[in-house]
Each structure stands twice: as C-alpha cells, then as structure tokens.
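**Student:** Here is my input, please return the structure:
(chains A and B)
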2 protein chains.
Amino acid sequence: MRKVAIVGTGLVKFGNYPERGIRKMAEEVLFEALTDAGARPEDIQVAYCGTNGFSSDTPDMQGPISFSQVGIAGIPILQLKNGCASGSNAFREAWISLQSGLYDVALVLGIEKLSAPTMEMIKLAASMGGGDGELEGSMGFFPPGIFAMFARHYMDDLGVTREQLAKVSVKNHFHATLNPYAHYPKNVTVEEVLSSRPVTSPLNTLDCCPIDDGAAAAVLVSEDVLSKFKQRPVWVVGSAQTSGTYPEEGNIGDTDTTRRAVAIAYEMSGVGPTDIDVAEVHDCFTPAELMHYRDLGFCKDIQEAAYWLEKGYTYLGGKIPVNTSGGLLAKGHPLGATGVAQICEIVQQLRGEAGERQVDNARVGLTHNGGGFRQGDVGSVCVHILQK
Amino acid sequence: MRKVAIVGTGLVKFGNYPERGIRKMAEEVLFEALTDAGARPEDIQVAYCGTNGFSSDTPDMQGPISFSQVGIAGIPILQLKNGCASGSNAFREAWISLQSGLYDVALVLGIEKLSAPTMEMIKLAASMGGGDGELEGSMGFFPPGIFAMFARHYMDDLGVTREQLAKVSVKNHFHATLNPYAHYPKNVTVEEVLSSRPVTSPLNTLDCCPIDDGAAAAVLVSEDVLSKFKQRPVWVVGSAQTSGTYPEEGNIGDTDTTRRAVAIAYEMSGVGPTDIDVAEVHDCFTPAELMHYRDLGFCKDIQEAAYWLEKGYTYLGGKIPVNTSGGLLAKGHPLGATGVAQICEIVQQLRGEAGERQVDNARVGLTHNGGGFRQGDVGSVCVHILQK
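**Tutor:** Predicted coordinates for the structure are as follows:
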C-alpha cells in the first residue's frame, strides 16, 4: 500500500447562505486547501466531488463547475453520490486513485446547499425516505423516524434514559461553541433539548442535525511527491467502506455496517480503539452517537456508551473526545460536505491547530460517516484513520 | 500497471419499459454479467453504479438497491454521476480500484430510466441546460441547441452538407437492425431524416438520440484471479478520462476534450487509430459522430470525416466500423447505461459473438463516451481501449 498524506484542507463555516451559491463556497474551500498545501491548480492530477446535488443554483455537474472556479480543468473530475456519506466516499475514491499509482496529487471537494433547494428537489427528497423510495419512502419511513425507532429501542429495551440521549446534543453543542466553523455555536441544556419542538417521538429538534449549506476540501498526495508541498503531512493509515447487508430479521438499531468498516480500518492501520485520540462520528441524531461508540469499539454496548457520555469520557479532555467540531448536530450536516469536513477537523487536531478545542497530544484520529438507509440498515459507511 | 480484463457482460434491450423499474432492469443485467463470467455474488469485492438518478421509482441509492437484487451487499458500493458519461466513468473507477491492488474483482452497473421520470426530475433537468444551470441552463442553452450550433458551423464554415449529417443517422439505424439490443432497429433514409420533426434547426428528431430506459453491466478482474472465471478475457489496455478546459474563446465544435483523452489512451495501450478494428462513439446528435472521427484520430478533419462516411468506411465491413450497436442514435441513450453498454458491444465484437453485426477479425476496439457541457466545451470524456 502506498503512503498517502493530507497536506491541505479548506472549510467554510456551515450555515444558511442565501447569497452564496455552490460556485462561491467551492471557490473558498478549494482556494484555502490549495493555499494550505502550497499547491498550484496545475499540481492537481485528479479531482473528486462528493455531493447529492440538492441545490437550486447548480443541481448538476458540480464537480467541473466547482473545480474550474480555481482554474482546475482538463483533468479527470468525478462526482460521487452516496447520501450523507458522499463526502467521505469522494475522499476515499481519491485515496484509491493514489493507491493505483496512476496519480500522485488529488483534490477532494464535499459540497451541498440545503438551505435553498429547488422545490423539485424537496419533493424528490420527500419521495425517497432513507434512500429507498419504493420500499420505504412510499411508506413514510424517513431518517428521523428510523432514528426515533433506534432511540425507542435503546430506551425501552436497553435502559438508556431520554436525558442521556439529550446529553449527546448538550456535549456537541458545547464543542461547537469552541469551533469557528460550526453553524450552531451555542450551549444548550438537557432541559432545552427535552423541551425543543418534537420531530418524531421521542426525538426533538435539538436531537436532530440541522439543515445547512457548506463545503470542505482536502489535498491528498503520495509520499513520493510530499516534499513538493509546504504543509507537514497527516497520513491516511486506514480507509474502509462497507455497505449494508439488509437483513430481513434483526433488531433495529443493531446494524453492523460500522463494525465491519472499522474492523477493516483498524486492521489496515494497525491501530485499535484504545489508540484513538480524537474522533468525528456520524451523530445525525442523538441515539446515533451512542450506537457508534459501541460499533467503533470504544465501548462494549449501549449501556456503557451512555455511561461514557455521563462520565464525560467523550468530552474535550476525556478519554476519546468525540465530535470536537460540534458534530453533525451542532456544526451542521450539509450532506456532501460532512465527510470531508470531518477530515478537516481531524487534520486540524493532529496538526495541533484546533485552537480552543485542541485535544492534547492528539496523534491518531478517526472519522466515521454513514449514508442512506434500507430495511433499517445503513446504506454506506466510511471510516478513515489519520495519523500525524 | 496491473493487467485487468472484462470477463462478463450483461445488457437489456434499450426501450421504454413502464412495467420495468430500476430494480428489475438491474437484476437482469447483473445476473447476466455474473453468469457470463461464471462468478458468484460473493466473488465481487467492490461495485460501482453509474447513473443520474432520473427515475421515478428509485431516484436515489440505486447502487445498493440494484446490487442487493442479486445478493451483493456489504462490500463498498459507489454511485457515480457524470452526465451522459456516468456509465463509462463508473467503469473507469472500477478499473482504477483494481489498479490500486486493493481489489481483484469489480462489478459495474450503468443504469437509467428516462421514460418515466418524476415531474420533479423533468423540471430539474429543464433547469440544467448542458449541465451548468446557472450559466447556460438559465439562458436555454441545451444539448440539442449546442449540437445544432456545431452542425451549423460544420455546414456553413467547413462544407459539410445537411445530407451528410443525415447519413450518420442512416448508418447507425442500419447497424441497429442487426442488434437485438437496439431500441430502434429500423432502417431510415436520408429523406426520412430530413423530413422528420424539427428539433433545433438544422437538426431533426432523427438527428437526435432518443429517450430510453436501459441497463448494462460488466465484471472486471485482475490477471491474478482470471483463472477463477470461465470466460475468456477481453483486456482493458487503455483507460483515460479528461474534463473540459472551458476556453473563453474558440470555435464551437472544436473542443479538445476527446483529443486529450484518446491521446492518453493510445499512449497507455500502445495502439493508434489505425489499429482500431471497431469503435463505439458518442453520437448523441449526428454532427457529434463526424466531430469524433476527427478527434479520435480516424480522420484529419471534418471534411475527411464526411468523406469517410460517404465512402462507407465506418459502416460494418468498412475500415473502422463505428457504432455497430446502432449507437446512441438508434440503439438508444439511457444516460448512465450508455458507457457500460458501449463496453458490452466491444466485448461481444472482440469475442466474435456479435452475430449479424460481427466485425471480421476484430482484435482491438475503442469506446468513447462524453457527458455534460459548459461554455460549449464537453464536461467529461472517457475513452477505453479493449483488446482480445
């Protein structure tokens, strides 16, 4: 396996930007990533764009349109779409393209504009459910409902309290107050989560990730050309993607897509859960984060995950700080941008450039991003392990 | 570079199938490709789906949904979207994934259902133009208009006649009569093309590719595992993708995206235009095919391209038979399916299994697929060179 490093990142503060289209956000993050790496547009040999295209201004061909904003054209440009995991899938394809030996320098963009989608896109999204419009969307089985079922299972069968779920949101909103890129940098209390507007019982607004616009970018290079770039490397030591197996039977909230992905990534990198210093985890809804503590191997089960949260183990300063960025819940979740933004956060942490939310002596970080649902199982999960 | 072979293909006859959804078409071609290769679902290590998602029944997550129809789940599954080149881009990403050494067996699906898109999708497509909704779609600059400008340039400035353009359609419809997979297997005359319903002057309906549903699949394997599969190999000896450079000045109809892609593919494979025995070329509109004879190096200019056509050099039995399948014009153009279907045609030709449309002693074949437009330049071009 070739050694591949991240040498540049770019990120916009997530938010709702009626005045800023895809072009403008792309230009900002791509320029920032190139500048950070000390790379010129002509250094980029291949480029990947992760997006679902939920934008009114540029619903298609976001890749060529975005990259040409910073003078990158002519090279292979791909657009990937894998629901909420589109960004990390694009990152992983870029990594694979460097593994192939065909290229040495790749640029990844994750981008989405959700605040002003076309009415067409809203109707389309509404028909899709968690991804499978025919099977589940037609029955009204949507992500908030899916995760509400997870929450109900954890509460009714496994002894997790409603307050413990709320505490995921409290933690991630606290972290967001330390992150200049977060959409909602504002502390919330357990009471505020519990009294926020109901979405799907038992989940309320503050249990659910918001709707945002955002973009993130990263420059990946092979070890062979590393010396051409000015930034010190953050190595990609593990990369894995899995898709769901869609079992016909089984407990909802017990999908193994993440467990299979992280097992591959741990084996590839030679690190284990106890080596992880900081992690960005797919907390689209509060119960998801607890589920992922378990599935990433941080804890043995949901009860222990709730205990970890209560004890502050996943807070900044704890054993494994999770979602120091604020996570999807408080930094925001502009679908295609999310996976690449997670990479940006871990790179900042491993470089020691995370400011007020810096994890001391962070040497190994993990990102976990999932997308799509079918039969209660996750459509696609990407896990990356980064090391300085 | 690793040696990679195609050992299985699957294809449905292109057409309008109100009774057949994405699931059904995917199942048919994936089952056929696996059977052709002598592969089991569990042999597949990574899977790519090329589609634009213009379908009412399954607008999203077509990859996981389609592959799980034949029992393929759990593995990395990616969805790629690059306009009309989505299928060949998916094929190329699968090839790259084998080049990486991470995988040995990949499955590619190209799929699109255009005959019954959602009303939402129709409106969305109508806003996009050739891909750039903001810049060109908003001005009504659509593919038929773009290619009408090409046609006008060739006729007014370069001496190509209207009848010569029509003869591209005549040739490809003739080839389609020999192809059981073609949507329009019916001979047409020059007069019929010239008197068909006007679309955008000077182009008429029979100068334009139709609207279809379709799917195609291919199994790719590394040389290392070739012996596990029953089918004799067709080798992928050249693979290239380029994107447009979007020049601010220059003649419309003189984009160099194809020329740059084919130069890379020829160099990689060590073959040149005179070695090509059969080619599938992106004939979305009649002037496109002439343009591509030139850009693929078959001819030196558009005038010679028209001469080639008049002389029958690109007919079955000619120097370089082009679009023996019937091409986009007569086999059909279900966007995401097209690039993979081109691969299927060349594989059939190189195996000597093309029946009535078999090219004698075909040893080297080429596929050319383009997608998206901006500033009169092609968004993405893929060229593959296959050899038996």
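
**Student:** Give the residue spans of the stretch 1-150 of chain A that score low on pLDDT.
**Tutor:** Within the stretch 1-150 of chain A, the ranges that satisfy pLDDT under 70 run A:56-57, A:59, A:117-131.

**Student:** quick one, what contacts A:V340?
**Tutor:** Counting by Cβ atoms under 8 Å, 6 or more residues apart in numbering or on different chains, A:V340 touches A:G50, A:G87, A:S88, A:A90, A:F91, A:V108, A:L109, A:G110, A:A216, A:A217, A:A218. To be clear about C-beta, it is placed using only N, CA and C from the backbone, and glycine gets the same treatment.

**Student:** go with 6 Å
**Tutor:** Neighbouring residues of A:V340 by Cβ atoms under 6 Å, 6 or more residues apart in numbering or on different chains: A:G87, A:F91, A:V108, A:G110, A:A216, A:A218.

**Student:** residues contacting the first one?
**Tutor:** A:G87 makes contact with A:G50, A:G110, A:G336, A:A337, A:T338, A:G339, A:V340, according to Cβ under 6 Å, 6+ apart.

**Student:** Run through the bridge partners of the first one.
**Tutor:** The residues paired with A:G50 through beta bridges, assigned by DSSP bridges, are A:L80, A:G110.

**Student:** Export the contacts of A:V340 as JSON lines, with columns for secondary structure.
**Tutor:** Formatted as JSON lines, the contacts of A:V340 follow (DSSP: H, G, I helix; E, B strand; the rest coil):
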{"residue": "A:G87", "secondary structure": "helix"}
{"residue": "A:F91", "secondary structure": "helix"}
{"residue": "A:V108", "secondary structure": "strand"}
{"residue": "A:G110", "secondary structure": "strand"}
{"residue": "A:A216", "secondary structure": "strand"}
{"residue": "A:A218", "secondary structure": "strand"}
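
**Student:** Show me which of the residues you listed are buried.
**Tutor:** Neighbour counting over the contacts of A:V340 (16 or more other Cβ atoms under 10 Å in any protein chain shown) leaves A:G87, A:F91, A:V108, A:G110, A:A216, A:A218 as the buried ones.

**Student:** Give me the most central residue, chain A.
**Tutor:** Chain A has A:G339 as the residue nearest its centroid, 3.3 Å off, counting by Cα atoms, centre = their mean.

**Student:** Isn't that residue up against A:R92?
**Tutor:** No: with contact defined as Cβ atoms under 6 Å, A:G339 does not reach A:R92; the gap is 8.7 Å.

**Student:** Return the member of the buried ones among the contacts of A:V340 nearest to B:V168.
**Tutor:** Using Cβ to Cβ, A:V108 comes nearest to B:V168 of the buried ones among the contacts of A:V340, at 39.4 Å.

**Student:** Please save the CA atoms from stretch A:198-216 in PDB.
**Tutor:** Extracted in PDB, the C-alpha atoms of stretch A:198-216 (Å, rounded to 0.1, in the frame of the first residue of the first chain):
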ATOM      1  CA  PRO A 198     -41.000  17.500  18.800                       C
ATOM      2  CA  VAL A 199     -39.900  15.900  15.500                       C
ATOM      3  CA  THR A 200     -40.600  12.200  15.800                       C
ATOM      4  CA  SER A 201     -41.200  10.900  19.300                       C
ATOM      5  CA  PRO A 202     -39.000  10.600  21.300                       C
ATOM      6  CA  LEU A 203     -36.700  12.900  19.300                       C
ATOM      7  CA  ASN A 204     -37.000  16.700  19.300                       C
ATOM      8  CA  THR A 205     -35.400  19.400  17.100                       C
ATOM      9  CA  LEU A 206     -32.300  19.500  19.300                       C
ATOM     10  CA  ASP A 207     -31.800  15.700  18.900                       C
ATOM     11  CA  CYS A 208     -31.700  16.200  15.100                       C
ATOM     12  CA  CYS A 209     -29.000  17.600  12.900                       C
ATOM     13  CA  PRO A 210     -29.900  20.900  11.200                       C
ATOM     14  CA  ILE A 211     -30.200  21.900   7.600                       C
ATOM     15  CA  ASP A 212     -27.200  23.800   6.300                       C
ATOM     16  CA  ASP A 213     -25.100  24.900   3.400                       C
ATOM     17  CA  GLY A 214     -21.400  24.000   3.500                       C
ATOM     18  CA  ALA A 215     -18.300  22.900   1.700                       C
ATOM     19  CA  ALA A 216     -15.000  21.300   2.600                       C
END
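
**Student:** Looking at it now, give me its mean pLDDT.
**Tutor:** Average pLDDT, stretch A:198-216: 96.

**Student:** Now tabulate the buried ones among the contacts of A:V340 in TSV and tack on distance to B:L328.
**Tutor:** Converted to TSV, those look like this (distance: Cβ to Cβ, whole Å):
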residue	distance to B:L328
A:G87	32
A:F91	33
A:V108	31
A:G110	32
A:A216	36
A:A218	36
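
**Student:** Show me the domain layout of chain A.
**Tutor:** A:4-122+A:212-233, A:139-209+A:237-387 (automatic domain parsing).
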